[in-house]
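Q: here is my input; please provide its structure:
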Amino acid sequence: MAARTRRHGAAPGARAGSRRRRLPLRLLLPVLVLVAMMAMLMLRGYVHSEILADHRVQPPAATDKVPEKILEGGPVIDTRAGRTESMSVPDHELVLTFDDGPDPTWTPKVLDVLKKHHAHAVFFVTGTMASRYPDLVKRMVDEGHEVGLHTFNHPDLSYQSKSRIDWELSQNQLALTGAAGIRTSLFRPPYSSFADAMDNKSWPVTEYIGSRGYLTVVNNTDSEDWKKPGVDEIIRRATPRHGKGAIVLMHDSGGDRHQTVQALDKFLPELQQRGYQFDNLSEALDMPSAHSEVTGADLWKGKAWVFLVAASDNVTDILVVGLAVIGTLVIGRFGLMLLLSVVHARRVRRRGFAWGPPVTEPVSVLVPAYNEAKCIENTVRSLMSSDHPVEIIVVDDGSTDGTARIVEAMGLPNVRVIRQLNAGKPAALNRGLANASHDIVVMMDGDTVFEPSTVRELVQPFGDPGVGAVAGNAKVGNRDSLIGAWQHIEYVMGFNLDRRMYDVLGCMPTIPGAVGAFRRSALTPIGGMSDDTLAEDTDVTMALHRDGWKVVYAENARAWTEAPETVQQLWSQRYRWSYGTMQAIWKHRRAVIDRGPSGRFGRVGLPFVSLFMVVAPLLAPLIDIFLLYGIIFGPTEKTIGAWLGVLALQAVCAAYAFRLDRERMTHLISLPLQQILYRQLMYVVLLQSWITALTGGRLRWQKLRRTGVVEAPGAIPTQLRRVTNDQQEHVR
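A: Model (predicted):
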């Protein structure tokens, strides 16, 4: 996974091609993944009658426009080719019909009873259920039963337009084709009853259905099994009088049908002994089969439909599992952060707490710099204000904007400038490490400023001889913009609260490049700063853990850094961080099976980092996807309530983190918007990192543009300082 890269530049011939390849990976693929997920959810919602379903039922209307012979005729109505006819089932013939299936629980039981007693029936299936359970439809056909249409979403067709009726029929047929390779000419309207219940609203629908080639089948004997009146009552209502033939209405779906199954097992042999036959409709009316075989492209369309429906259910099930996982991770992480942050704060803030003897010896501060002309003066002056003795080493990594000249022109004592050809940040740090005069080495970025107490606070944990590195408290200096405020929340709530948790767990994953300190005697055995990954700070921290050193967090060692100010810059930075973290995890993967300190970190630290820094951010958008779906199509109130509950938990964590860092709570106003928009950006960045990793792509280090506006609180503004210096020079 790891790919050696330099901080700047790429092969000239490959640069344009690389840019062309990265654009689709960065934008197209993540968008396609999101669109595919939403499409699967929409398809599932459609098939489960959560989308486009119409549950209105027409009240009874007048019947003066319905032909008298239809109202007084049989339950089979034929309006095909302009006909207006009805038919009845002959005496001692019973056509059992089952509506609303197939159901995965009750339809197999109904089929088993019919097979046991050698009876046939007609199943009027909905497209939604047939699409979801195609094997049951195929079993119906294979066992000699007939299948009829009951629309796709079970709407009252008297409310629907002709185009919607055609859609319901065609989608219902598509499901049948995909399930059993057939079409049918039988149709039963939802909410239908006896023929004499036909009225001025339903009759035009029946005429139109006939014009489309369908035979409408209602019933003349209703078992009312859906009321669950008891087995004997179902049998009584389903039994015709005086040996008459009948079309009997029953149900194999729509709820608990155990009474239907029990009644059927008793009803069939009783009436067979009385001379009744149980046939499908075509057999009972001695007419050609209602089924016709489908071949060619139409068959494959049906199969494709059934496949997509199954895929949508499977994908949705996976997404639900993913949602459960991310919910558990989010709640678990917040719970751990709150609990262990309290433990950490009480430990380091108790009266008389000390890491060990006070650390007073001088330290070396390494400042790797590439084109930091706008920032470097603020950085160096902040170090010169330190209340701890320091040696400052600025390593100019091939800057082209005069960074080194600016530092040299300042003429400050204890400040050295080392120039080198551009070789990347790890090489610059190693160069500075080789020239450092002291064992304790502080590392910072060229765009960062320290408070006077930062270095002193940062090195105190080295009073414990087991501490090999210390993470400082990095803060966003340019937090006035919306993007800056979001990053400020992330730094305080995410990074620093996380570091308290990881400190207590003994598996700190990253020493921030903006503010960290190391023992040179700890770095030397592991080879110093490695350029194997793009996250050299994470890489070296993991290596120190594996070598048996403790890595801790110094909350009062505050450093102010300039965060990206545009989406593009933020994207570039987080892409590098995410990809570099994956590289570091992959590089140190063998720690999971190691013994000793390496094994302890591998079995505690790596899983935590993988879950909380890779898996959780990747799955986090599921919360927003289901939020959007639930608001539009699902139980809106419950969905919003659940999301607000998660947001409230996040707000509690954020407020506690801000309180620990003594930050103003006003920036938390943008927390809800951050959770909706910022998370999506981080998701796409992480997804792109996954794609880059899985495809073996290479990523360049991308330099962020700096403005030099960040200064330590209480410092004299650079512009004012320059004016004052100019005035003093004029007086002299």
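
Q: which strands or helices does the lengthiest helix in the chain pack on?
A: Counting by DSSP state H, the longest helix found in the chain is helix 296-349. Packing partners of helix 296-349 (3 or more C-beta pairs under 8 Å, 6 or more residues apart in numbering; DSSP states H and E): helix 29-47, helix 127-132, helix 162-180, helix 497-505, strand 550-561, helix 616-619, helix 621-632, helix 636-660. For every residue, glycine as well, the C-beta is placed using N, CA and C.

Q: for residue 84, which of those is the nearest?
A: Proximity to residue 84, assessed across the helices and strands packed on helix 296-349 by C-beta to C-beta, is greatest for helix 162-180 (19.1 Å).

Q: tell me the helix or strand right after that closest one.
A: strand 182-184 (DSSP states H and E).

Q: how far does that following strand sit from its chain's centre?
A: 40 Å (C-alpha atoms, centre = their mean, to the nearest Å).

Q: again with stretch 53-62
A: Relative to its parent chain, stretch 53-62 has a centroid offset of 39 Å by C-alpha atoms, centre = their mean.

Q: CA-only coordinates of that stretch in CSV, if you can.
A: Backbone C-alpha positions of stretch 53-62 (Å, rounded to 0.1, in the frame of the first residue of the first chain) are rendered in CSV as follows:
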residue,chain,number,x,y,z
ALA,A,53,-47.9,3.9,-2.8
ASP,A,54,-51.5,5.2,-2.8
HIS,A,55,-53.6,3.9,0.1
ARG,A,56,-56.8,5.8,-0.6
VAL,A,57,-60.0,3.7,-0.9
GLN,A,58,-63.0,5.0,-2.9
PRO,A,59,-66.3,5.2,-0.9
PRO,A,60,-69.3,3.5,-2.5
ALA,A,61,-70.8,5.4,-5.5
ALA,A,62,-73.9,5.2,-7.6
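
Q: in it, what counts as buried?
A: Of all the residues in stretch 53-62, not one is buried under the rule 16 or more other C-beta atoms under 10 Å.

Q: who's in contact with that stretch?
A: Under the criterion C-beta atoms under 8 Å, 6 or more residues apart in numbering, residues 153-156, 158-160, 191, 197, 199-202 lie in contact with stretch 53-62.

Q: hmm, try it at 10 Å
A: Identification of contacts with stretch 53-62 by C-beta atoms under 10 Å, 6 or more residues apart in numbering yields 45-46, 49, 128, 152-160, 164, 168, 190-191, 197-203, 205, 633.

Q: please report how far residue 616 lies from residue 610.
A: As for residue 616, its distance to residue 610 is 9 Å (criterion: C-beta to C-beta, to the nearest Å).

Q: ok, residue 107 next?
A: Distance from residue 107 to residue 610, by C-beta to C-beta: 44 Å.

Q: swap in residue 467?
A: In terms of C-beta to C-beta, residue 467 sits 25 Å off from residue 610.

Q: which of those two has more neighbours?
A: Taking other C-beta atoms under 10 Å, residue 467 and residue 610 do not tie; residue 467 has more neighbours (22 against 16).

Q: which residues touch the more buried one?
A: Per C-beta under 10 Å, 6+ apart, neighbours of residue 467: 355-356, 459-461, 517-519, 522, 544, 549-552.

Q: mind giving me the PyMOL command for buried ones among those?
A: Selection command for PyMOL covering only the buried members of the contacts of residue 467, criterion 16+ other C-beta under 10 Å:
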select buried, resi 355+459+460+461+517+518+519+522+544+549+550+551+552
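
Q: export the helices and strands packed on helix 296-349 to JSON lines and tack on distance to residue 343?
A: Shown next, in JSON lines, are these (distance: least, C-beta to C-beta, whole Å):
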{"stretch": "helix 29-47", "distance to residue 343": "38"}
{"stretch": "helix 127-132", "distance to residue 343": "50"}
{"stretch": "helix 162-180", "distance to residue 343": "58"}
{"stretch": "helix 497-505", "distance to residue 343": "5"}
{"stretch": "strand 550-561", "distance to residue 343": "12"}
{"stretch": "helix 616-619", "distance to residue 343": "22"}
{"stretch": "helix 621-632", "distance to residue 343": "28"}
{"stretch": "helix 636-660", "distance to residue 343": "12"}
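
Q: helices and strands of the protein: which one bottoms out on pLDDT?
A: helix 718-731 (a mean of 42; mean pLDDT, DSSP states H and E).

Q: returning to what we had before: just the contacts of residue 467: which are in strands?
A: If you go by DSSP state E, the contacts of residue 467 have 517, 518, 519, 550, 551, 552 in strands.

Q: residue 237: which of those is nearest?
A: Using C-beta to C-beta, those come closest to residue 237 at residue 551, 77.0 Å.

Q: and the closest residue to the closest one other than its chain neighbours, what does it touch?
A: Closest residue to residue 551 apart from its sequence neighbours, by C-beta to C-beta, 6 or more residues apart in numbering: residue 508 at 4.1 Å. Contact partners of residue 508, counting by C-beta under 10 Å, 6+ apart, are 469-471, 498-502, 541-542, 544-545, 550-553, 601, 605, 609.

Q: roughly how far apart are residue 508 and residue 467?
A: From residue 508 to residue 467 the distance is 11 Å (C-beta to C-beta).

Q: and the ones in strands among the contacts of residue 467 as CSV, adding distance to residue 580?
A: Shown next, in CSV, are those (distance: C-beta to C-beta, whole Å):
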residue, distance to residue 580
517, 21
518, 18
519, 23
550, 23
551, 18
552, 22
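
Q: got a markdown table for those residues, with pLDDT too?
A: Below are the ones in strands among the contacts of residue 467 laid out as a markdown table (pLDDT from 0 to 100):
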| residue | pLDDT |
| --- | --- |
| 517 | 97 |
| 518 | 97 |
| 519 | 96 |
| 550 | 95 |
| 551 | 96 |
| 552 | 96 |
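
Q: which of those sits closest to residue 70?
A: Once C-beta to C-beta is applied, the member of the ones in strands among the contacts of residue 467 that ends up nearest residue 70 is residue 551, at 85.0 Å.

Q: pretty sure that closest one sits against residue 512.
A: No: if you go by C-beta atoms under 10 Å, residue 551 and residue 512 don't touch, sitting 11.7 Å apart.

Q: who touches both of those two?
A: Residues touching both residue 551 and residue 512 (C-beta under 10 Å, 6+ apart): 471, 499, 541.

Q: which of those scores worst on pLDDT?
A: Going through the shared contacts of residue 551 and residue 512 one by one, the lowest pLDDT turns up at residue 499, 91.

Q: so who does the nearest residue to it once chain neighbours are set aside touch?
A: Distances taken as C-beta to C-beta, 6+ apart place residue 553 nearest to residue 499, at 4.3 Å, with adjacent residues excluded. Residues in contact with residue 553, defined by C-beta under 10 Å, 6+ apart, are 344, 348, 461, 470-473, 496, 498-504, 508, 511.

Q: so residue 553 bridges to which residues?
A: residue 471 (DSSP bridges).

Q: quick one, grab the pLDDT at it.
A: Reported pLDDT for residue 553: 95.

Q: before we move on, what about the one 10 residues further on?
A: Note for residue 563: predicted pLDDT of 85.
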